[in-house]
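Undergrad: mind folding the following:
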Amino acid sequence: MSAKKGKTPKAANPSAAYKVGHGKPPKAHQFKKGQSGNPSGRPKGSVSLHARFLREAERMIKTKTGEKVVKMAKIEVVIRRLLDAAMQGKPDAQRLTLAYFSQACLARSDGEESDPVLSDATVATFKFLLDAGLLK
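TA: Numbering: from 1, shown residues only. Sure thing, here's the model as predicted:
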């Protein structure tokens, strides 16, 4: 009796055909069907740190601007304070502001979003500075 072409004959002992090696643990040490590799791990439905961070950054708070109290997202308050620090001449704030601003200009020049505040000349200037390696 000969084996058909393309098919390998079955071994009499199924464990004899299974080769143990990299990525193939012994059958006795493999996970059982329906059993997780980390049963005490993250529970289903728990929120990731990234999701929590974004939710908190978008949370609306009351803040005072001039004489008025307005509601705005926390991230907007952070951006305003960053820009205020840059305007006061703090070098780290200026560097960070220019980096974010240049990225926003590039996104606009790529057609990602349109913002009438930036002129085409401003966008072109920042694109030139980025291409020249003067901004990171």
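Undergrad: can we go C-alpha only for contacts and neighbour counts from here?
TA: Noted.
Undergrad: low-confidence regions, this structure specifically.
TA: 1-16, 36, 108-119, 122-123, 126, 129-130, 133-136 (pLDDT under 70).
Undergrad: name the helices or strands packed onto the helix ranked longest in it?
TA: Taking DSSP state H as the criterion, the chain has its longest helix at helix 91-109. Judged by 3 or more C-alpha pairs under 8 Å, 6 or more residues apart in numbering; DSSP states H and E, the packing partners of helix 91-109 are helix 74-87, helix 120-131.
Undergrad: buried ones in it?
TA: Within helix 91-109, the residues scored as buried using 16 or more other C-alpha atoms under 10 Å are 93-94, 97-99, 102-106, 108.
Undergrad: rebuild the residues you listed as TSV, extending it with distance to Ser48.
TA: Shown next, in TSV, are the buried residues of helix 91-109 (distance: C-alpha to C-alpha, whole Å):
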residue	distance to Ser48
Ala93	29
Gln94	32
Thr97	28
Leu98	30
Ala99	28
Ser102	30
Gln103	27
Ala104	27
Cys105	31
Leu106	30
Arg108	30
